[in-house]
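Student: predicted model follows, preceded by the sequence.
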Amino acid sequence: MLSRSSSLGDVVGYVIGIIDMVIPVLVALALVLILYSSVRYVIKAQESHGKGAEREAIMWGLIALFVIVSVWGILRLMCSTLFDNTSCRAGSHPVLGALDSPLIAGIPPRR
């Protein structure tokens, strides 16, 4: 948890830790949207009309997936460039402290 003596790097690490927990959920939702819309599009393949909504949902799902992964990458780049490596390392976040695995935290540990 943050305290009054927390540095800016600690605050950014805390915020990125929270975002790191939310991003997999958002990626999963985007993938579910893409898959669901793709299945509906294939089911309606023989109809000449009515596939526009599914095509648009697939497009928006892909755009959302791209934006989510891009924001995650920009945050990683910002954290590793502007702050010390300890605030960006897996297992050092106050929120993700117990999640030391690089597969769970999403980034390889820096030693």
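Tutor: That came through, no problem.

Student: what's the burial count for residue 61?
Tutor: 20 (other Cβ atoms under 10 Å). Using the backbone N, CA and C atoms, a C-beta is placed for each residue, glycine as well.

Student: could you check the pLDDT of it?
Tutor: Note for residue 61: predicted pLDDT of 93.

Student: element containing residue 23?
Tutor: Assigned by DSSP states H and E, residue 23 falls within helix 8-43.

Student: mind listing what's buried in whichever helix or strand comes after that helix?
Tutor: Using DSSP H and E, the helix or strand that follows helix 8-43 towards the C-terminus is helix 52-82. The neighbour-count check on helix 52-82 (16 or more other Cβ atoms under 10 Å) flags 54, 57-58, 61, 64-65, 68, 72, 75, 79 as buried.

Student: in a markdown table, list those residues along with distance to residue 48.
Tutor: Listed next are the buried residues of helix 52-82 as a markdown table, based on distance: Cβ to Cβ, whole Å:
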| residue | distance to residue 48 |
| --- | --- |
| 54 | 14 |
| 57 | 19 |
| 58 | 18 |
| 61 | 24 |
| 64 | 28 |
| 65 | 29 |
| 68 | 34 |
| 72 | 40 |
| 75 | 44 |
| 79 | 50 |
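
Student: in this protein, where is pLDDT below threshold?
Tutor: 1-6, 9, 83-111 (pLDDT under 70).
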